[in-house]
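In: could you look at this predicted model? Sequence included:
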Protein chains: 2
Amino acid sequence: MCVTKAVTISIDAMGGDDAPQIVIDGIAYFIKHEGYKHKLRILLHGDEAVLSNLLASKKAVRDISEIHHTDSEIAMDMKPSQALRRGKGTSLWNTVTSVKSGEADLGLSAGNTGALMAISMLQLKRKNGVQRPALVAAWPTPKGQSVVLDVGANVESDETQLTEFAVLGDAFYRAIYNKESPTIGLLNVGTEDLKGNAVIKAAHERLNESAIDLNYIGYVEGYDISMGGADVIVTDGFTGNIALKTAEGTAKLIGTFFTDALKGNMWSKFTTLLNSVALRKLRKRIDPRRVNGAVFLGLNGLIVKSHGGTDHIGFANAINMAVGLAESPFEKEIERKLAELHSEDDNIGFIA
Amino acid sequence: MCVTKAVTISIDAMGGDDAPQIVIDGIAYFIKHEGYKHKLRILLHGDEAVLSNLLASKKAVRDISEIHHTDSEIAMDMKPSQALRRGKGTSLWNTVTSVKSGEADLGLSAGNTGALMAISMLQLKRKNGVQRPALVAAWPTPKGQSVVLDVGANVESDETQLTEFAVLGDAFYRAIYNKESPTIGLLNVGTEDLKGNAVIKAAHERLNESAIDLNYIGYVEGYDISMGGADVIVTDGFTGNIALKTAEGTAKLIGTFFTDALKGNMWSKFTTLLNSVALRKLRKRIDPRRVNGAVFLGLNGLIVKSHGGTDHIGFANAINMAVGLAESPFEKEIERKLAELHSEDDNIGFIA
């Protein structure tokens, strides 16, 4: 709860469906609710005139922000390859550049995901000992939260990459949730040893045999993502992306059914009103804004991706995740563990 | 609604966590609620003494059932390879044999999934023009139901297999839900043409170019399974299994949150009581028993798998699905479409 080290966040003020309004409102919301715990400085990349105007009535945001003007931005539907060629000087590009230069501890954007990944890869480069960066996302469980990675940075992964994801996820979980030895599970179609494809079996064997300090508990199933079967769920980016979006769709479906059920008749409308405290509590627990913020792990510098369609509360949650990460010894931690992992590779003939 | 052709179902009375009790109770439940619509005959494979005892008080079940005695059964945790070697003469094995011999129109078991698939493959053999059979399962959406296949018969699938799954799923959807031209989507990590791995892109191209009568709408995402983005969702067995179990886990999670929220205080307990009609309606819509029954498609004979842990209501729903399928022209339909599909293969050089 005490104020920790000063953190500078580089923010793409123009990224997201309702930017820059939700970005500025999100920063204000974060400062109001969480600001007293942190020493925060913000670099706002975007159109100076527009941003100054929005900041006029937000003294708390203005006091800790610096506007870095740019008049171009990347469209939400631009292809990553185009973004790489034409993205220089945009708000998204410059957000990453501030991380690269060391001016900021971390970058945050609600803009185009593919463009953000491509531009981050290009500018920040992979961390030593990381074959492939991964996107990690959080999901609520009855026990707290689980994290899943990769949720879409790659479409395929081999066993070495999956093992690296376990190391990245472990460090991430400890940094964000302050849990000493998070459980790590490998997503599979069954929990028996003989199930799954060749890549998964090889990763399973590797994680079982490794002497590095990971609390690997073996295979977990889709069910475990939501039910907390493991703190960290490791999978390839294709499967992880589909699992996460399936979970989002199911939550949305049940929300729809719920609303329908309560609309049923006057009597249920009346009693729903009476019961609104309980229902508010429920809605809060399944609110997707609470878990907004996927982190791009494995680069020389941290990049957080907010959902493009989020509102100011969701954006504030993404800032919260970013700040927590920047304040933790996360980066040093993963560098140490990756080095341990790959010294094992050398001994057993893996190519890193 | 009229009584249609007579259907004979071969049932593994000993398969499932709470068999044979839930099997007999499930048949009774089905007869009570749906029986008037159908002309049903049941072959019950299992221990005669135990089953006769259970049937003593169930005249409606007894009247349409024939017990086929066997005193051995396959354990829920036996490996498929063991089941193939040692399974002969068990209730599960004999359930499939009755389908093979033509005595029954269809087989149903809540027993060991891997064993059921292996024994069905061995006895019934693949249908002409099917490289790999697939398990298809249903899922509720705001619009009705979607079906997903493959949900676990295979761990990997190539583009030809995915295309076959589209044909199988289309015929299945029309048979079960009486919808003329169900929409078919291919599960991917994004809806843009450039996303996904090579197998998915090839299947997408194939489905787009095919002249056979399929309402293919292109890529869909995990979100669409629950939100009804397509009627039939085609994917490989690894991804499908994980998506389905993720959806089940999420539904369970929200159920847990829901119960917690309503337990909050005396006031919410009281108002919940008042609101119980609406809540019952909601619970019914998200009740997993309503979608119990995965069907093993692509063999010479239909096999339905009930969830092993289901109760009598879930088992009755699996019977309902089985009967609906047996009464429809499903088998003839897929044979015709598969022939069309593979005559295209010959023309464009695919190997079937």
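Out: Yes, it's here. Residues are numbered from 1 along each chain as shown, chains lettered A, B, ... in the order given.
In: helix or strand with the lowest mean pLDDT in chain A?
Out: helix A:266-274 (a mean of 56; mean pLDDT, DSSP states H and E).
In: in a strand, that's where residue A:75 is, yeah?
Out: No - assigned with DSSP: H, G, I helix; E, B strand; the rest coil, residue A:75 falls outside any strand and is coil.
In: contacting residues for residue A:25?
Out: Contact partners of residue A:25, counting by CB atoms under 8 Å, 6 or more residues apart in numbering or on different chains, are A:312, A:315. Where C-beta positions appear, they are placed from N, C-alpha and C, glycine not excepted.
In: distance of it relative to residue A:315?
Out: Look at residue A:25 and residue A:315: by CB to CB, to the nearest Å, they are 8 Å apart.
In: residue A:128 too?
Out: 32 Å.
In: out of these two, which sits in the more crowded spot?
Out: Using other CB atoms under 10 Å in any protein chain shown, the more surrounded residue of residue A:128 and residue A:315 is residue A:315, with 29 against 11.
In: ok, and the closest residue to the more buried one other than its chain neighbours, which helix or strand is that part of?
Out: Among residues not flanking residue A:315 along the chain, residue A:26 sits closest, at 2.9 Å (CB to CB, 6 or more residues apart in numbering or on different chains). Following DSSP states H and E, the helix or strand that holds residue A:26 is helix A:21-34.
In: and residue A:195, by the same measure?
Out: According to DSSP H and E, residue A:195 maps onto no helix or strand at all.
In: what's the answer for residue A:252, then?
Out: Going by DSSP H and E, residue A:252 is in helix A:237-263.
In: in terms of secondary structure, what does that helix contact?
Out: In terms of contacts (3 or more CB pairs under 8 Å, 6 or more residues apart in numbering or on different chains; DSSP states H and E), helix A:237-263 is packed against strand A:134-141, strand A:144-149, strand A:183-187, helix A:222-227, helix A:266-274, helix B:223-227, helix B:237-263, helix B:276-285.
In: now render those as CSV, adding mean neighbour count.
Out: Formatted as CSV, the helices and strands packed on helix A:237-263 follow (neighbours: other CB atoms under 10 Å in any protein chain shown):
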stretch, mean neighbour count
strand A:134-141, 24
strand A:144-149, 23
strand A:183-187, 25
helix A:222-227, 25
helix A:266-274, 15
helix B:223-227, 24
helix B:237-263, 22
helix B:276-285, 16
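In: what parts of the stretch 101-250 of chain A come near chain B?
Out: A:140-142, A:152, A:155-156, A:187, A:189, A:192, A:194-197, A:221-227, A:235, A:237-239, A:241-250 (CB under 8 Å from any CB of the partner chain).
In: tell me how far stretch A:234-247 lies from the chain's centre.
Out: Chain-centre distance of stretch A:234-247: 13 Å, with CA atoms, centre = their mean, to the nearest Å.
In: same question for it, mean pLDDT?
Out: Across stretch A:234-247, pLDDT averages out at 93.
In: go on, stretch A:5-21?
Out: Taken as a whole, stretch A:5-21 has an average pLDDT of 94.
In: first to last residue in it, what's the distance?
Out: 28 Å (CA to CA, to the nearest Å).
In: in it, what's buried?
Out: Across stretch A:5-21, burial judged by 16 or more other CB atoms under 10 Å in any protein chain shown covers A:7, A:8, A:9, A:10, A:11, A:12, A:13, A:14, A:15, A:16, A:19, A:20.
In: looking at the residues you listed, which are in strands?
Out: If you go by DSSP state E, the buried residues of stretch A:5-21 have A:7, A:8, A:9, A:10, A:11, A:12 in strands.
In: what distance do you get for the nearest residue to the last one once chain neighbours are set aside to residue A:10?
Out: Looking back up the chat, that one is residue A:12. Using CB to CB, 6+ apart and skipping residues adjacent in sequence, the residue nearest residue A:12 is residue A:109, 3.6 Å away. Computed as CB to CB, the residue A:109 to residue A:10 distance reads 9 Å.
In: what do you get for residue A:319?
Out: Distance from residue A:319 to residue A:10, by CB to CB: 12 Å.
In: intersection of neighbour lists for those two?
Out: Shared contacts of residue A:319 and residue A:10, defined by CB under 8 Å, 6+ apart, comprise residue A:108.
In: domain ranges for chain A, per the record?
Out: Following automatic domain parsing, one finds the domains of chain A at A:6-130+A:298-333, A:136-287.
In: what's the least confident stretch among those?
Out: Across these, the lowest-scoring stretch is domain A:136-287, with a mean of 85.
In: what about residue A:67, which SS state?
Out: Applying three-state DSSP: residue A:67 is strand.
In: now the residue positioned nearest the centre of chain A, nearest residue through space, not along the chain?
Out: With distances taken as CA atoms, centre = their mean, chain A has residue A:294 as the residue nearest its mean C-alpha position (1.5 Å). Closest residue in space to residue A:294, ignoring its immediate chain neighbours: residue A:137 at 4.3 Å, by CB to CB, 6+ apart.
In: before we move on, what about residue A:180?
Out: residue A:174 is the one closest to residue A:180 (CB to CB, 6+ apart), at 7.1 Å.
In: thought that neighbour was touching residue A:184?
Out: No - under the criterion of CB atoms under 8 Å, residue A:174 makes no contact with residue A:184, lying 11.2 Å away.
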